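S.K.: Requesting a structural model of the entry that follows:
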Amino acid sequence: MRVPDDVAELVRTLHPVLKAKIKAGLDEIRREPESGKPLREELIGLRSFRVGRFRIIYREASAGTLDIVAIGPRRTIYQETYRLLSRPKDSL
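M.R.: Prediction:
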């Protein structure tokens, strides 16, 4: 499982209870990659796993590797993920 540095930093700053729930969600995704809801339209190819009001957005990469794309509150995470994926590749 690959987690970008900025996502890992976000998780480190969360409340301990929420952090534990996020880590449990990541373990569940690792065990069962199909457990997340498939996303549609602009975010096709990604999945969303619910952790309370937060969502873990991820995709299956080659050779069974999972890429965590973003973690955040449901209210904004889908727009943020779209913006992140719409940026030119050289600015990542």
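S.K.: can we go C-alpha only for contacts and neighbour counts from here?
M.R.: Will do.
S.K.: which residues sit in contact with T65?
M.R.: M1, R2 (Cα atoms under 8 Å, 6 or more residues apart in numbering).
S.K.: Let's see that with 7 Å instead.
M.R.: Listed by Cα atoms under 7 Å, 6 or more residues apart in numbering, the contact set of T65 reads M1.
S.K.: Quick check: phi and psi at it.
M.R.: Per-residue torsions, T65: phi -80, psi 140 (degrees, to the nearest 10).
S.K.: And the helices in the protein, which stretches?
M.R.: Counting by DSSP state H, the chain has these helices, from start to end: 5-13, 16-31, 74-86.
S.K.: Could you dump these into CSV and include mean pLDDT and distance to I57?
M.R.: CSV is the format used below for the helices of the chain (pLDDT from 0 to 100; distance: least, Cα to Cα, whole Å):
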stretch, mean pLDDT, distance to I57
helix 5-13, 93, 11
helix 16-31, 95, 10
helix 74-86, 91, 8
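S.K.: For R59, find the nearest of these.
M.R.: When the helices of the chain are compared by Cα to Cα, helix 16-31 sits nearest R59, at 10.2 Å.
S.K.: How far off centre is the closest one?
M.R.: Chain-centre distance of helix 16-31: 11 Å, with Cα atoms, centre = their mean, to the nearest Å.
S.K.: Need the residues that contact that helix.
M.R.: Residues outside helix 16-31 that contact it (Cα under 7 Å, 6+ apart): V11, S35, V51.
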